[in-house]
Structures are given as structure tokens and as C-alpha cells.
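In: Here is a sequence with its predicted model. Questions after.
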Amino acid sequence: MTREETGELVRKARRLMIKVGQDTLRFDSGTNPITEQQIHAYLVHDDGFLRVPVLTMGDLLVRGYTEELYREALRGDR
């Protein structure tokens, strides 16, 4: 996906769980919205394309993969 397509995908999500190193960042459009700068920093590779696993499910977008992260996402924790 291009930078623009990635931005469109992210803006459709209300909740985001973004795996960055050992941490998981959480964004909610109502209380802690993700910025354009953060979208580009966490989801878009230097070449301008999305280069990480992304799961979208309803209003949730999950960037990155660990078993624990997917278990939480699929359970609907939060």
C-alpha cells in the first residue's frame, strides 16, 4: 500500500494497537487520536509503502504481530 492508501486505511479505524519494538502503542479516535506524523512514522516504510503486517477488524487496526497482541485484539480486550 502507498503512503496515501495507508493513511486512508488508518483514518477509517477508531482504535489502533501499534507494535513498536517491545511496546504497544494504543490510539483511540475519541480520546487519543493518531496524527499524520505518527501514521507515517509507525506504518509507512522509508520507501513510502506499508511494509508491516496489519490486521483490520471492524473499527480496530493492529500493526505488527505477536501472539499476545493478536490474542488481545481477537478477544476484544480494552
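Out: Right, received. Where do you want to start?
In: Arg71 falls within a helix, correct?
Out: Yes: according to DSSP: H, G, I helix; E, B strand; the rest coil, Arg71 belongs to a helix.
In: Around Glu8, count how many other residues there are.
Out: Neighbour count for Glu8, taken as other CB atoms under 10 Å: 11. To be clear about C-beta, it is placed using only N, CA and C from the backbone, and glycine gets the same treatment.
In: So it lies in a helix, does it not?
Out: Yes: assigned with three-state DSSP, Glu8 falls within a helix.
In: show me what contacts it?
Out: The contact partners of Glu8, by CB atoms under 8 Å, 6 or more residues apart in numbering, come to none.
In: Where does pLDDT dip in this protein?
Out: Of all residues in the chain, those with pLDDT under 70 make up the ranges 77-78.
In: Strands of that one, residue ranges please.
Out: Along the chain, the stretches classed as strands by DSSP state E are 15-20, 23-28, 54-57, 60-63.
In: any idea which of the ones you listed is most buried?
Out: When those are scored by mean count of other CB atoms under 10 Å, the highest mean neighbour count falls to strand 60-63 (a mean of 21).
In: Can you tell me what sits against that strand?
Out: 9-10, 12-19, 42-43, 52-56, 69-70, 73.
In: Quickly note the distance from Val52 to Thr6.
Out: Counting by CB to CB, to the nearest Å, the gap between Val52 and Thr6 amounts to 10 Å.
In: that older thread, so which of the strands of the chain comes closest to Met1?
Out: strand 54-57 (8.5 Å; CB to CB).
In: Note down every partner strand of that closest one and its orientation.
Out: Sheet pairing of strand 54-57 (DSSP bridges) gives strand 60-63 (antiparallel).
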